[in-house]
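# below are the sequence and a predicted model; questions follow.
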Amino acid sequence: MDESPPSTYEIAQVCLKAGKIMLENGGETYRVEDTMIRIAGAFGFPNAHSFVTPTGIIFSFDGPEQITRLIRISERSTDLHKVTEVNAISRRISQGQLSVAEANRLLERIDKASPSYPNWFKILSAAVASGCFLIMFNGQWHDFVSAFVIGGAGLSFLIYFHRVVPIKFFAEFLASLLIGAMAFLLLRIGIGHDLDKIIIGSVMPLVPGLLITNAVRDLMAGHFVSGVSKGAEAFFTAFAIGAGIAFVLSFYNGEGMA
């Protein structure tokens, strides 16, 4: 028995789900809009329109069955593997290899999948990266272990505070504050030697590099709303990190003067 043709609502749902997954996992605004429009065109709706901001997606079809949908994006993280998987599904749809039902099932599986890497692996990677950043910024090898431990602990603090504190910037401030405090403590007990280099290396995993990159890319592509909002988010993240470290350094300098 032949299956009934997909409805306009089902096609719109697939487009929105693809855009939602990409935007929630670090995809650029222009890429999200382009992917949604390509999927709609492959399913027979070439006159589709999408407007994407970091906090929401508006999508509509022109034609006799005009439909407009809006979804809210409340949580964002970084998982570029999911973005790559959605891109692969979009290409298969454009080549006519997937039906609406199959695409919806695959996208649902991606959306519900666990993050590509467990937290312990992220913490270990942050620890190694912190030590390497210390060396890159002309630190000494005898401070590598200090940066390794503090960098891993800093990301673990950030993950914990993100779960407990609903305000993202406050969690980043607390994590950077503890990074600075741990660096100061290791310096006092004689394990660390160069406070500045240890702190610089340890906070690098918290720096919003993807946000800054996406903000610049969106601005270059003419998406000024998304570019400015992502740039503002990156600025406040950097400000929260800097404020936490500045608080510790002010205490350290005050104690040195005393």
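Noted; the coordinates are in hand.
# any regions of this protein where pLDDT drops low?
1-5, 63-64, 252-258 (pLDDT under 70).
# one more pass at 80, please.
1-7, 62-66, 114-117, 165-167, 192, 221, 223, 251-258 (pLDDT under 80).
# how is it carved up into domains?
Domains of the chain are assigned by automatic domain parsing as 8-112, 119-257.
# compute the distance from the centre of stretch 194-209 to the centre of its chain.
Relative to the centre of its chain, stretch 194-209 is centred 19 Å away, using CA atoms, centre = their mean, to the nearest Å.
# what helices and strands are in contact with the helix or strand hosting Phe247?
Per DSSP states H and E, Phe247 falls inside helix 224-257. For helix 224-257, the packing partners by 3 or more CB pairs under 8 Å, 6 or more residues apart in numbering; DSSP states H and E come out as strand 48-53, helix 168-188, helix 195-203, helix 209-220. C-betas here are computed from N, CA, C, even on glycine.
# let me know which of the ones you listed is tucked in deepest.
Mean neighbour count, computed with mean count of other CB atoms under 10 Å, is highest for helix 195-203 among the helices and strands packed on helix 224-257, reaching a mean of 24.
# now that helix and helix 168-188, what's the angle there?
140 degrees (axes from the mean of the first three to the mean of the last three CA atoms, to 10 degrees).
# just to revisit the earlier point, for the helices and strands packed on helix 224-257, which one sits closest to Ser130?
helix 195-203 (4.8 Å; CB to CB).
# contacts for the closest one, please.
130-140, 143, 146-147, 150-151, 154, 176, 179-180, 182-184, 186-187, 192, 241, 245, 248-249, 252 (CB atoms under 8 Å, 6 or more residues apart in numbering).
# tell me the centre residue of this structure?
Nearest to the mean C-alpha position of the chain, counting by CA atoms, centre = their mean, stands Thr78 at 3.2 Å.
# coming back round to it: among the helices and strands packed on helix 224-257, which is nearest Ser229?
Closest approach to Ser229 among those (CB to CB): strand 48-53, 6.6 Å.
# please name the strands paired to that closest one in the sheet, noting orientation.
Paired strands of strand 48-53, with direction, are strand 56-61 (antiparallel) (DSSP bridges).
# what residues does Gly244 make contact with?
Contacts for Gly244 were tallied using CB under 8 Å, 6+ apart; they are 172-180.
# residue contacts, the residue nearest to it when sequence neighbours are not counted?
Nearest residue to Gly244, sequence neighbours excluded (CB to CB, 6 or more residues apart in numbering): Ser176, at 3.1 Å. By CB under 8 Å, 6+ apart, Ser176 lies in contact with 154, 203, 206, 240-245.
# repeat that for 6 Å
203, 241, 244-245 (CB atoms under 6 Å, 6 or more residues apart in numbering).
# one more: Asp218?
29, 226-227.
# one more pass at 7 Å, please.
28-30, 226-227, 230 (CB atoms under 7 Å, 6 or more residues apart in numbering).
# out of those, which is nearest to Gly96?
Tyr30 (24.6 Å).
# where's the closest one, which helix or strand?
Tyr30 is part of helix 29-42, with elements assigned from DSSP H and E.
# buried set for stretch 152-169?
By neighbour count with 16 or more other CB atoms under 10 Å, stretch 152-169 contains the buried residues 152-158, 161-162, 168.
# which two from those end up farthest apart in space?
Gly152 and Lys168 (20.5 Å).
# can you tell me the closest non-neighbouring residue to Asn138?
Lys197 (7.1 Å).
# how near is that neighbour to Leu134?
From Lys197 over to Leu134 the distance is 5 Å, taken as CB to CB, to the nearest Å.
# any residues in contact with both of these two?
With CB under 7 Å, 6+ apart, Lys197 and Leu134 have common neighbours Asp143.
# about what we covered before: now, the buried residues of stretch 152-169 that are in helices?
Applying DSSP state H to the buried residues of stretch 152-169, the entries found in helices are 152-158, 161-162, 168.
# all good on my end, thank you.
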